[in-house]
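Novice: Pasting the sequence and the predicted coordinates here, then a few questions.
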Amino acid sequence: LKRLSTTPPLAAVPSTAPIIGNLHQLGLLAHHSLHSLSLKHGPLMLLRFGSKPVLVVSSAAAAREIMKTQELVFSNRPRSTIVSKLLYGSRDVGFSPYGEYWRQIRSLCVVHLLSNKRVLSFRAVREEETTLMIDKIKQSYSSSPSLAVNLTELFKSLTNDVVCRVASGRKYGEEGRFKKLLGEFVDYLGYFDVGDYIPWLCEVREIAEAKRAITEDKLEKMPYLKAVIKETLRLHPPGPLLIPRESMRDTQVMGYDIAARTQVVTNAWTIGRDPTLWARPDEFWPERFMDSLVDFRGHDFEFIPFGAGRRGCPGIQFAMSVDELALANLVGHFDFSLPVGEELDMSEAPGLTVRKRTALLAVVTPW
Ligand code: HEM
């Protein structure tokens, strides 16, 4: 690694383990361990995972450099044995190497599955499945009003059913194989912090018009609901370290030489809580987005839960249309409270997507 400018050299973060490099410094929740390391070593750190160099990016400026200024250089994905085994030699869009094959399948995916037009065409599926979820909660309340409902399980079923119906035209039973495979996907809905819903209930309920289901055309009039979802994604990005990238040739980032085939990990969790970019960074404060143009579509590098650039997430529209409708209907029909004597546990569990460690249980009351 060669120093190019007057900035101090980007020395590899020291490790006491000769073979595994810095791997032992990653806890179960890698975004937290990398966050602590970045407070000590700065927004651009060079680590070694085994023998592989890994550049860890923890500031919006450095993320912009990787995903925008040098987008093409950093559009590859690193090889991973496990991903290769699970995904037929990394032949899916997310993990395939940058090149013609990726270009073709991404374009197929964007045009035929994830375009705004296609996502809109699945509106009836989303509305039916959301109504079914609300009916399940109503039934549970009728048979036992004080019993807490497991919202985590309900969100999982909703997401699985929407995805299965959209992908295959069929609903799958609880034991369906496809459903199991999609298990990871459902965690995206697991982050709604019921305790923080209170200020925007009026917005949703005014529009809910006497307990009828909220349909998608009503969502446009719910800016606060959208701000709540944004704030949730800022504080709890489901993929806090995004999906790793890899440099395709030797380059320089912020004055430092970076070798070809260096893996790049971007800590969106740290960036979303950077006190130099966000007021009251650790606070759940959706109002921050009300008069702000900051959005998660990959142009504002202080807020990148979906990544950015040519490898950025093409599923934003799909994800948001499910999340917004589900959340609006939940708070449009019920009040939620924590079971007596319980506090909200926001601790995280590791996984392909980070999720709440414990299920979200809530006692519901129809309003
Ligand atoms: C809240 C929900 C979601 C989050 C937070 C999320 C986040 C991400 C992130 C961080 C990346 C990597 C971006 C990068 O490298 O810059 C990604 C890639 C991707 N996402 Fe999503 N995603 C979500 C939902 C979805 C949905 C619903 C779909 C499809 C139905 C989807 C399809 C994809 C695909 C195909 C890629 C790979 C793109 C490529 O490598 O070219 N995502 N997503």
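Specialist: All right, it came through fine.

Novice: Let me know the helix or strand that the most centrally placed residue in the chain is in.
Specialist: Centroid-nearest residue in the chain, with C-alpha atoms, centre = their mean: Pro238, separated by 3.2 Å. For Pro238, there is no host helix or strand (DSSP states H and E).

Novice: Residue numbers of the stretch 101-250 of the chain in contact with the ligand?
Specialist: Residues of the stretch 101-250 of the chain lying close to the ligand by C-beta under 6 Å from any ligand atom are 106, 109, 114, 188, 238-239, 242-243. Backbone N, C-alpha and C define where each C-beta goes, glycine included.

Novice: Filter those residues down to the ones in helices?
Specialist: Counting by DSSP state H, those place 106, 109 in helices.

Novice: Can you convert the residues of the stretch 101-250 of the chain next to the ligand into CSV and add a column each for pLDDT?
Specialist: CSV is the format used below for these (pLDDT from 0 to 100):
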residue, pLDDT
Arg106, 97
Cys109, 93
Leu114, 94
Tyr188, 35
Pro238, 95
Gly239, 95
Leu242, 96
Ile243, 95
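
Novice: For the residues of the stretch 101-250 of the chain next to the ligand, pick the one with the most neighbours.
Specialist: Sorting those by how many neighbours each has (other C-beta atoms under 10 Å) puts Leu242 first, at 24 neighbours.

Novice: Who are the contact partners of that residue?
Specialist: Neighbouring residues of Leu242 by C-beta atoms under 8 Å, 6 or more residues apart in numbering: 265-266, 268, 304, 307.

Novice: change it to 10 Å
Specialist: Going by C-beta atoms under 10 Å, 6 or more residues apart in numbering, Leu242 touches 57, 63, 67, 264-269, 304-308, 311-313.

Novice: circling back to that earlier point, could you check the distance from the residue nearest to the centre of the chain over to Leu344?
Specialist: Applying C-beta to C-beta, to the nearest Å, the value for Pro238 to Leu344 is 18 Å.

Novice: same thing with Gln139?
Specialist: In terms of C-beta to C-beta, Gln139 sits 25 Å off from Leu344.

Novice: Pick out whichever of these two has more residues nearby.
Specialist: A direct count of neighbours by other C-beta under 10 Å for Gln139 and Leu344 places Leu344 higher, at 13 against 10.

Novice: Now the phi/psi pair for the more buried one, please.
Specialist: Leu344 has phi and psi values of phi -70, psi 120 when expressed as degrees, to the nearest 10.

Novice: That one and Lys356 touch, don't they?
Specialist: Yes. Using C-beta atoms under 10 Å, Leu344 is in contact with Lys356, at 9.3 Å.

Novice: returning to that earlier point: nearest to Tyr88 among the residues of the stretch 101-250 of the chain next to the ligand?
Specialist: Cys109 (15.4 Å; C-beta to C-beta).

Novice: Now that closest one: closest residue in space, sequence neighbours ignored.
Specialist: Val93 (5.4 Å; C-beta to C-beta, 6 or more residues apart in numbering).

Novice: show me the contacts for that neighbour.
Specialist: Contacts of Val93 (C-beta under 10 Å, 6+ apart): 87, 101-102, 104-110, 114, 311, 314-315.

Novice: what pLDDT does it get?
Specialist: We note a pLDDT of 93 for Val93 in this prediction.

Novice: Need the three-state assignment for it.
Specialist: Under DSSP: H, G, I helix; E, B strand; the rest coil, Val93 falls in the coil class.

Novice: ditto for Val265
Specialist: Counting by three-state DSSP, the backbone at Val265 sits in strand.

Novice: what about the strands in the stretch 251-367 of the chain?
Specialist: Listed in chain order, the strands of the stretch 251-367 of the chain (DSSP state E, counting those that start in this stretch) span 251-253, 256-258, 263-266, 334-337, 348-349, 355-356, 361-366.

Novice: In the stretch 51-200 of the chain, what residue lies closest to the ligand?
Specialist: Ranked by C-beta to the nearest ligand atom, the top residue of the stretch 51-200 of the chain for proximity to the ligand is Gly94, at 3.6 Å.

Novice: right, and that residue touches Arg311 too?
Specialist: Yes. The pair Gly94 / Arg311 is scored as a contact, 8.5 Å apart, by C-beta under 10 Å.

Novice: what residues do these two have in common as contacts?
Specialist: 77, 102, 106, 243.

Novice: And for the first one, nearest residue in space, chain neighbours not counted?
Specialist: Here the nearest residue to Arg77 in space, its sequence neighbours aside, is Phe95; by C-beta to C-beta, 6+ apart that works out to 5.2 Å.

Novice: for that neighbour, phi and psi?
Specialist: phi -110, psi 0.

Novice: in the stretch 201-350 of the chain, which spans are helices?
Specialist: Using DSSP state H, counting those that start in this stretch, the helices of the stretch 201-350 of the chain run over 201-208, 223-235, 268-272, 316-333.

Novice: list the helices and strands the shortest one packs on?
Specialist: Where contact means 3 or more C-beta pairs under 10 Å, 6 or more residues apart in numbering; DSSP states H and E, helix 268-272 is packed against helix 30-41, strand 52-57, helix 60-64, helix 223-235.

Novice: Run the contact check for that helix versus the ligand.
Specialist: No. Shown here: helix 268-272 not in contact with the ligand (C-beta under 6 Å from any ligand atom), separated by at least 7.0 Å.

Novice: Could you count how many residues lie near Leu46?
Specialist: Summarising burial for Leu46: neighbours were counted as other C-beta under 10 Å, giving 20.

Novice: Low-confidence stretches in the stretch 151-300 of the chain?
Specialist: Applying pLDDT under 70 to the stretch 151-300 of the chain picks out residues 172-202, 206-211.
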